[in-house]
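Asker: Here you go, sequence then predicted model.
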Amino acid sequence: MPARLPSSAFLWLLFIGVSFAWGSSYFFIKVGLDDGMLPFTLVGWRLAISIIGLAALIALTRSRVPRDPKLLAKLAVMGILYVAIPFSLITWAEQSIDSALAAILQGLTPLFALIIAAIVLHDEPITLNKVGGLVVGFAGAIVILSRYLAPSAGADPGAELTGDIALVLSCLSYAIGATYLRRTIGTRPLMLDPETGPRALRPVEIALPQNIVALAIIAPLAIIFEPVAGVATPPTASAWISVIWLGLVGSAIAYLMFYRLINAWGVYRSSLITYVMPVVGILLGVVILGESIGLQTLIGAVMVIGGVALANAPIGRRRLYGRAERPAPASEARLTSPAVTRGD
């Protein structure tokens, strides 16, 4: 990384890099599927490559792999909720829907997180602006889904609607996983580092065990449900580029960039990535893949992104609902807000 680059410019480059890495995931999933890869097989290759990349980052950053059985059990749950389920649902859904639409619907993740966090956590109450954001955002989703009331010629509205529902369920899984992370891990000093003593887990130390657990789930599913003759490798050069990008850039390098960014900018400013990711996905899908975005879908997309923005706005924060607050120990400071969640 260039040492002479001004820190502010460098952080904005990190912001752009993370936004593009995560926002482009839907595009590369679509490319892999269009080139003949099956969903579980694609996810399996993606996870295998990400594990290699994350293991390299562990060594590069002198991080450590958690060994405590109780901590590993929590990370295994995260591997199911935050990796295996959403990766599978998103990839399966993109067999029948465009990548741009997948990117749009992923904007519902932080809205689901607001609801779940208010129920589970002590410091994430429902406020007036969050209610407004939820109403606007989910109304946008309804606008998008309602287009099936008048399907276009040649379309399969049943398959497309099923794909959309799978995308929404992936958002719910991401939101549950993010809240579970806050509640059980956060920034508690759960890692016993022989050099620094007890400290919080770094994102790469959380991600590697998650992806290993997810691969252990996905690989058997690919073998059972997607049997093919010969070795199930990516069939084309572009399919190889897709799984390498998804695994190495989207899952490994982006984690390291996001870790640097959130430590420098904090949670709220870093959450701007949530607004940029759908835009990246839409542009790649429309410009490169030739996907079309109808006026109704575009209106719904603006409403979803606007709902997220309203829910995070600094105005209208009058508390409407939330669990009673309790004093939080210093060791339980936030790692990240549930609303700051990666797309895919």
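Answerer: Arrived safely.
Asker: C-alpha only now, for contacts and for neighbours.
Answerer: Will do.
Asker: shaky segments in the protein?
Answerer: 1-6, 148-157, 229-231, 266-268, 322-344 (pLDDT under 70).
Asker: switch the cut-off to 50
Answerer: Applying pLDDT under 50 to the chain flags the ranges 1-3, 229-230, 327-339.
Asker: any idea which helix is longest in it?
Answerer: For the chain, the longest helix by residue count, based on DSSP state H, is helix 157-184.
Asker: for that one, packing partners?
Answerer: With contacts defined as 3 or more C-alpha pairs under 8 Å, 6 or more residues apart in numbering; DSSP states H and E, the packing partners of helix 157-184 are helix 69-78, helix 85-93, helix 99-105, helix 109-120.
Asker: Which residue ranges of the stretch 201-344 of the chain form strands?
Answerer: Secondary structure of the stretch 201-344 of the chain (DSSP state E, counting those that start in this stretch): strands at 319-321.
Asker: my read: residue 286 touches residue 98, true?
Answerer: No: using C-alpha atoms under 8 Å, residue 286 makes no contact with residue 98, being 9.3 Å away.
Asker: of the two, who's got more company?
Answerer: It is residue 98, of residue 286 and residue 98, that has more neighbours when counted by other C-alpha atoms under 10 Å, with 24 against 16.
Asker: residues contacting that one?
Answerer: By C-alpha atoms under 8 Å, 6 or more residues apart in numbering, the contact set of residue 98 is 30, 285, 291.
Asker: Please tell me how far residue 289 sits from residue 87.
Answerer: In this structure, residue 289 and residue 87 are 21 Å apart, going by C-alpha to C-alpha, to the nearest Å.
Asker: So these two - more neighbours on which side?
Answerer: Higher neighbour count among residue 289 and residue 87: residue 87, with 29 against 15, using other C-alpha under 10 Å.
Asker: Does the more buried one touch residue 43 like I think?
Answerer: Yes: here residue 87 reaches residue 43: they are 6.7 Å apart, a contact under C-alpha under 8 Å.
Asker: Generate TSV for the helices and strands packed on helix 157-184, with distance to residue 25 as supplementary columns.
Answerer: Below are the helices and strands packed on helix 157-184 laid out as TSV (distance: least, C-alpha to C-alpha, whole Å):
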stretch	distance to residue 25
helix 69-78	20
helix 85-93	10
helix 99-105	9
helix 109-120	15
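Asker: Out of those, which is the most enclosed?
Answerer: helix 99-105 (a mean of 28; mean count of other C-alpha atoms under 10 Å).
Asker: Give the other helices and strands that that one contacts.
Answerer: Packing partners of helix 99-105 (3+ C-alpha pairs under 8 Å, 6+ apart): helix 25-34, helix 157-184, helix 273-287, helix 295-311.
Asker: Quick one: list the elements packing against the shortest one.
Answerer: When you say that, I think you mean helix 25-34. Counting contacts by 3+ C-alpha pairs under 8 Å, 6+ apart, helix 25-34 packs against helix 39-60, helix 99-105, helix 237-244, helix 273-287.
Asker: if we can go back for a sec, can you say which of the helices and strands packed on helix 99-105 is packed in most?
Answerer: helix 25-34 (a mean of 24).
Asker: what angle separates that helix from helix 237-244?
Answerer: On the basis of axes from the mean of the first three to the mean of the last three C-alpha atoms, to 10 degrees, helix 25-34 is oriented at 140 degrees to helix 237-244.
Asker: Check the offset of helix 25-34 from the chain's centre.
Answerer: A distance of 15 Å separates the centroid of the chain from that of helix 25-34, by C-alpha atoms, centre = their mean, to the nearest Å.
Asker: Skip ahead from the longest helix of the chain and say which helix or strand is next.
Answerer: Later in the chain than helix 157-184, the nearest helix or strand by DSSP states H and E is strand 191-193.
Asker: May I have stretch 241-261 as PDB, with CA atoms only?
Answerer: In PDB, the C-alpha atoms belonging to stretch 241-261 read as follows (Å, rounded to 0.1, in the frame of the first residue of the first chain):
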ATOM      1  CA  ILE A 241     -12.400 -15.700 -12.700                       C
ATOM      2  CA  SER A 242     -15.800 -15.500 -11.000                       C
ATOM      3  CA  VAL A 243     -15.100 -18.000  -8.200                       C
ATOM      4  CA  ILE A 244     -11.600 -16.600  -7.700                       C
ATOM      5  CA  TRP A 245     -13.000 -13.100  -7.400                       C
ATOM      6  CA  LEU A 246     -15.800 -14.100  -5.100                       C
ATOM      7  CA  GLY A 247     -13.500 -16.100  -2.800                       C
ATOM      8  CA  LEU A 248     -10.300 -14.100  -2.800                       C
ATOM      9  CA  VAL A 249     -11.500 -10.500  -3.300                       C
ATOM     10  CA  GLY A 250     -15.100 -10.600  -2.000                       C
ATOM     11  CA  SER A 251     -14.500 -12.800   1.000                       C
ATOM     12  CA  ALA A 252     -10.800 -12.400   2.000                       C
ATOM     13  CA  ILE A 253      -9.300  -9.100   0.800                       C
ATOM     14  CA  ALA A 254     -12.500  -7.100   1.400                       C
ATOM     15  CA  TYR A 255     -12.500  -8.200   5.000                       C
ATOM     16  CA  LEU A 256      -9.000  -6.800   5.600                       C
ATOM     17  CA  MET A 257     -10.000  -3.500   3.900                       C
ATOM     18  CA  PHE A 258     -13.200  -3.200   5.800                       C
ATOM     19  CA  TYR A 259     -11.400  -3.900   9.100                       C
ATOM     20  CA  ARG A 260      -9.000  -1.000   8.300                       C
ATOM     21  CA  LEU A 261     -11.900   1.300   7.300                       C
END
